[in-house]
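Chemist: sequence plus the predicted model coming up.
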Amino acid sequence: MINEMDLYGFEDFDDEQKVLLLNEAYLDIVTREPWPFMERVIVINVPASASKITNNSVVLDPDKTSPTGPITDLGAVLSMIDTTNSIVMLPERADTIEKNYRVVDDAGVPEKYYFIGDDLYLYPAASGGTVYRIYYLKTPEDLQVDTAESAILIPKRHHSIIVYGALIKAFLVNDDPQAAVFQNAFESRYQQMRNDVWMNQYDRTERVHIITDSYDWSY
């Protein structure tokens with residue numbers, strides 16, 4: 001992507017400046033929507049008496065035997081399941097927990113989860129070690145000069161949109177009217193990516209609806 005920016009006449013920008021502009025475009029794109037390419041699933045073991053999950057739990061591999069460390073990239077939670085007790089955890093606001101539920105530092109079988117800042121908590125605190133499966137959106141990491149292509153969350157086939165976004169900012173830095181041209185290219189490419197990423201199957205089951213009551217008819 002750095003080399004591609006050179007093709008548009010930005011050889012005078014050093015690599016660090018280009019990476020800064022690419023990062024601004026990249027983070028703008030990945031934080032606009034809950035993209036499917038940001039989805040992850042992890043299995044974690046929360047120790048007894050713990051309420052804070054972030055940096056306080058052990059991530060397990062799929063066979064639930066090998067710890068790999070604490071959660072480091074948890075963004076927004078899409079679903080959370082207590083697989084030990086077969087409970088679908090319910091999301092709640094931290095202030096609601098504080099005002100309506102918490103009287104003391106309760107312990108038991110957690111049924112709710114909430115955030116304080118970027119940290120994920122359980123309520124009540126787990127009374128015993130519990131395994132959870134969390135379906136979540138990964139927090140994007142800043143791009144670096146040596147970032148591997150595979151580490152970029154956006155699929156490789158759509159990396160050009162990052163370049164277009166960076167070029168808009170680069171032309172604005174130079175007060176160049178071509179910024180408007182690349183703004184149009186960016187929006188067009190963005191829509192193309194949306195259509196591609198959000199629709200990954202066209203296989204639809206055909207259904208026959210039997211209408212037996214005239215009140216169900218449309219005129």
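Modeler: In hand now; what should we look at?
Chemist: show me what contacts residue 144?
Modeler: Counting by Cβ atoms under 8 Å, 6 or more residues apart in numbering, residue 144 makes contact with residue 19. For glycine as for every other residue, the C-beta is placed from the backbone atoms N, C-alpha and C.
Chemist: what are the buried residues along whichever strand or helix holds residue 19?
Modeler: With elements taken from DSSP states H and E, the one containing residue 19 is helix 15-30. In terms of neighbour count (16 or more other Cβ atoms under 10 Å), helix 15-30 has its buried residues at 18, 19, 21, 22, 23, 25, 26, 27, 29, 30.
Chemist: in terms of secondary structure, what does it contact?
Modeler: Under the contact definition 3 or more Cβ pairs under 8 Å, 6 or more residues apart in numbering; DSSP states H and E, helix 15-30 sits against helix 2-7, helix 160-173.
Chemist: least reliable of those by average pLDDT, please.
Modeler: Ranked by mean pLDDT, those end with helix 2-7 at the bottom, a mean of 85.
Chemist: what's the distance between the residue nearest the centre of the chain and residue 17?
Modeler: Nearest to the geometric centre of the chain sits residue 137, at 2.6 Å (Cα atoms, centre = their mean). Here residue 137 is placed at a distance of 29 Å from residue 17 (Cβ to Cβ, to the nearest Å).
Chemist: again, but for residue 78
Modeler: The separation that residue 78 has from residue 17, given Cβ to Cβ, amounts to 36 Å.
Chemist: which of the residues in the longest helix seen in the chain are buried?
Modeler: Looking only at the chain and at elements set by DSSP state H, the helix with the highest residue count is helix 178-198. Going by neighbour count (16+ other Cβ under 10 Å), the buried part of helix 178-198 is 179, 182, 183, 185, 186, 189, 190, 193, 197.
Chemist: what residues does it touch?
Modeler: Residues from elsewhere that reach helix 178-198 (Cβ under 8 Å, 6+ apart): 29, 33, 35-37, 154-155, 157-158, 160-161, 164-165, 167-168, 171-172.
Chemist: switch the cut-off to 6 Å
Modeler: Outside of helix 178-198, the residues within contact range by Cβ atoms under 6 Å, 6 or more residues apart in numbering are 36, 158, 161, 164, 165, 167, 168, 171, 172.
Chemist: noted, bye for now.
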